[in-house]
Structure formats: structure tokens, C-alpha cells
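Trainee: test case, fold it:
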Amino acid sequence: MATPEKKVPPSPEADRKPGYLWSLMHQKCARCRQGNMFQHSNAYNLKQFMKMNDNCPACDQRMEIEVGFYYGTSYVSYALTVALSVSTFVAWWVLIGFSVHDNRFFWWLGINIAALLLLQPYLMRLSRAIWLSFFVRYDPAWRTEKPDHTPRG
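Mentor: Just a heads-up that it's a prediction; the model follows:
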């Protein structure tokens, strides 16, 4: 006589909703927050850093909802760079200070430009993740329900 197989219930970790900020910072799918948006995880592989998956590998959500969908990310990228520049300006002002008698402002400007140039590949990917999250919401039933692939318009 064969013993019946015991069904193992899913762990609480599997059903836990991943955090919104964590999924943005790691460029995860907005619908399931599990699958990677980009084909390569390294943002500094400059030949392939913007190659996206057509669909999410975990939930099959289409990454480009319509043609030219990611043109709006320029606004998000601009907001991110302004926010970063303002925060470095305030930090520099509080920690080091500015003066009209020396060139501390130009030091901040050079360091800020260098930081923006170094962070630009990551910021471009982050802006795409943020933009997609504006239009695709987290679906707690993503494992059982198929994503909506109807075109907008």
C-alpha cells in the first residue's frame, strides 16, 4: 500500500509581498515584483545595460506596454538627477559650506557632475522601473491570473 504524499503548504516567505522600494531599486517587474526587467543585472555593462526582457520571466507581464512607452522616462530621470543634485548641494553646504572667497562651489559642481555621470546608467534603469510602476500595479494573484495584454488607447 502506497503512502499518500503530503502537500507542503507554501512558505509565508513565498506569499509575502515584496517591498515597493526594494523592487524599484533592483528593477523588478511592477506586477509581480519577482522577475527582472532587464536581461543583464549589471547596469555598467554599457553595451547591454538597457536591453529589457520583452515579458517578465516570472509573470509574463509585457515590459513595453505600447510603442514608445518609455519616452516618458526622461521626465523621471530628470527628476532623479535634480533630486540627487539638490541633496548633494545641501549635504555639501551643511558639511563643508560655501564661500565667495574660495572655490568650494566649483569643487561641489565637479564632484556632482562626476557622480551624475557615474550613476547615469543606474538612474536610467531606475527611471524605467519607476515609469512602469506608474502604469502597472502589483497584483497579489499574479501566480494564478494572466496579465492584461490589451493595448491602450
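
Trainee: I'd assumed residue 104 was in contact with residue 96.
Mentor: Yes: here residue 96 reaches residue 104: they are 6.1 Å apart, a contact under Cβ atoms under 8 Å. In short, each C-beta sits where N, CA and C put it, glycine included.

Trainee: neighbour count: these two, which is higher?
Mentor: Each of residue 96 and residue 104 has its neighbours counted (other Cβ atoms under 10 Å); residue 104 has more, 15 against 11.

Trainee: OK, contacts around that one?
Mentor: Residues in contact with residue 104 (Cβ atoms under 8 Å, 6 or more residues apart in numbering) are 92, 96-98.

Trainee: now a PyMOL select for only the buried ones of these.
Mentor: To isolate the buried ones among these in PyMOL, judged by 16 or more other Cβ atoms under 10 Å, type:
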select buried, resi 92
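
Trainee: what's the lowest-pLDDT member of the contacts of residue 104?
Mentor: Least confident entry in the contacts of residue 104, by pLDDT: residue 98, with 83.

Trainee: am I right that that residue is in contact with residue 109?
Mentor: No: between residue 98 and residue 109 there is no contact under Cβ under 8 Å: 10.8 Å.

Trainee: where does the prediction get shaky in the protein?
Mentor: For the chain, residues meeting the criterion pLDDT under 70 lie at 1-15, 149-153.

Trainee: show me which residues of the lengthiest helix in the chain are buried.
Mentor: Ranked by residue count and defined by DSSP state H, the top helix of the chain is helix 104-135. Neighbour counts over helix 104-135 (16+ other Cβ under 10 Å) mark 108, 112, 121, 123-133 as buried.
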